[in-house]
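Visitor: this is the structure alone, sequence omitted:
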């Protein structure tokens, strides 16, 4: 459903800071895939997500979603069917607006015709309440609270709900639990799995946690220097140990494994 | 005394429209929109020129539309052509000077003598006695305040609020921030234009320099209002703060004019001082608190 062909992106070309973030990258994602992505810092994982979400235009290459060429579509149009979560829990919500108002904005993606002058109706209110209840955080009783007063875990849960309240065709998760405490991270991970499997959402997830990468979803990619150097399907993953994976990563990356840079944790 | 109250209420009501406009651009959208000064005169020029030609109601309508056009130009420069927001306002403002002269038939001021204005039309009904000016402007102020209260809770209003709060989130909600910024700036400048139009017909003249300092005075009253009624908590209080702040500012102004405690020439300086102080207050307070703590903890 997602087809990426020969995608390249160079930052600061022609300067001393030139950096090839994406190097002729090809990727094909099937409907319903849940792919985890591993790689050291600077491997191009977030750049890949930025390119898919339309934050910038790639230097060359094509991005197709369900056969439609979205390479030149602006980011706000893509967000109608591509949902995204960041590591920073503050990025996905408007702090000075209430929980309900934030949800109402996210729910705009459902509207076929943008009904600018309508307000949040009773029906919407009940629907949002129902959705919030599923987070099991008691947020349904605090719908008029400003989002800025919530904890990081609560904000990330709300962001997850906002990204999926209208089920996206593609969900991009960029280390979305990395900034949370272990308890909150576990809760968000469980919620993510539940929501993704309920809607059968196609999903790409960046993580630095190698266990999480191998135990989540049905396919694991490893990236280095703007390329995908390892692509494991469900069967191959089951047969691979972590040591084996690190060895193959070294081979693929053709570089000495530098623990400081790789930051793979278990 | 009654005169001071009447003046403060009347001017407070009419200039609260500028405060409301600045609330939308400066507070909600987080954009310092410097189109305001020129836009105010544009509204005034259009409204007085139309009234001079015998169409006072059309004049008010033109003032609103003209203001909106000025806002549209600023928004265009900013969202489509990449001009930084402050500069976009300044550029529009500069261009408006010529446009304003043009709107006044290439003269620096236009006066109404016996032509009717919307104020004289209300006066001639005789219902409000000497309070007719207040009746007209209070009516406009109330309608605009209620409109804003309603508008900011519609989906477009929510989108505009979110644009000033977290632009990333707006993009992720499939809203085009260029559109929301443009909508916000157009609406804000419609209100500024309306204010200019009303003031022009009220004082029966338009002057090319009438807009000087309008943006600072608007900000001053916005901040006074927010301080007095603790207005940053909800949209309703915020909107009310625009009116209250303006009435307080105009009351001070009227008292100074009447009693001559301060020379009138000092008023702009005082206004600038109030604005600077009010905006700097949180920083000053924080610095003082740090200094105090430092002194206390180094002693022990």
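Guide: Looks like it arrived, so ask away. Being a predicted model, the structure only gives us computed values, none of them experimental.

Visitor: contacts only, for residue 218.
Guide: With no chain named, the answer covers chain A. A:33, A:34, A:35, A:233, A:234 (C-beta atoms under 8 Å, 6 or more residues apart in numbering or on different chains). Every residue, glycine included, has its C-beta placed from N, CA and C.

Visitor: think we crossed wires, I meant chain B
Guide: Taking C-beta under 8 Å, 6+ apart as the definition of contact, the neighbours of residue B:218 are B:15, B:18, B:19, B:21, B:22, B:36.

Visitor: output the contacting helices and strands for the helix or strand where the fifth one lies.
Guide: Think residue B:22. For residue B:22, the element it lies in under DSSP states H and E is helix B:2-22. With contacts defined as 3 or more C-beta pairs under 8 Å, 6 or more residues apart in numbering or on different chains; DSSP states H and E, the packing partners of helix B:2-22 are helix B:36-52, helix B:132-151, helix B:177-203, helix B:214-228, helix B:235-259.

Visitor: counting contacts, what elements does the helix or strand of chain B with the lowest mean pLDDT pack onto?
Guide: Per-element confidence for chain B was summarised using mean pLDDT, DSSP states H and E. The lowest value among helices and strands belongs to helix B:267-299, with a mean of 85. Helix B:267-299 sits against helix B:214-228, with contacts defined as 3+ C-beta pairs under 8 Å, 6+ apart.

Visitor: before we move on, back to that, buried residues of the helix holding residue B:22, list them for me.
Guide: Taking 16 or more other C-beta atoms under 10 Å in any protein chain shown as the basis for neighbour counts, the residues of helix B:2-22 that come out buried are B:4, B:7-22.

Visitor: likewise for stretch B:269-280?
Guide: Under the neighbour-count rule (16+ other C-beta under 10 Å), stretch B:269-280 has B:271, B:274, B:275, B:278 buried.

Visitor: ok, the last one touching residue B:222?
Guide: No: no contact is recorded between residue B:278 and residue B:222 when judged using C-beta atoms under 8 Å, the distance being 9.1 Å.

Visitor: chain B contacts on the stretch 151-266 of chain A?
Guide: A:162, A:163 (C-beta under 8 Å from any C-beta of the partner chain).

Visitor: residues near the closest residue to chain B within the stretch 101-250 of chain A, how many?
Guide: With C-beta to the nearest C-beta as the measure, residue A:116 is the residue of the stretch 101-250 of chain A nearest to chain B, at 3.8 Å. Residue neighbour count, defined by other C-beta atoms under 10 Å in any protein chain shown, stands at 16 for residue A:116.

Visitor: could you tell me the per-residue confidence at it?
Guide: Per-residue confidence at residue A:116 stands at 77 (pLDDT).

Visitor: in three-state terms, label it for me.
Guide: In three-state terms, and counting by DSSP: H, G, I helix; E, B strand; the rest coil, residue A:116 is coil.

Visitor: OK, contacts around it?
Guide: B:154, B:155, B:156.

Visitor: closest to chain A out of the residues you listed?
Guide: residue B:156 (3.8 Å).

Visitor: angle of the strand or helix carrying that closest one against helix B:235-259?
Guide: Residue B:156 is part of helix B:155-165 when elements are defined by DSSP H and E. Orientation note: helix B:155-165 sits at an angle of 70 degrees relative to helix B:235-259 (axes from the mean of the first three to the mean of the last three C-alpha atoms, to 10 degrees).
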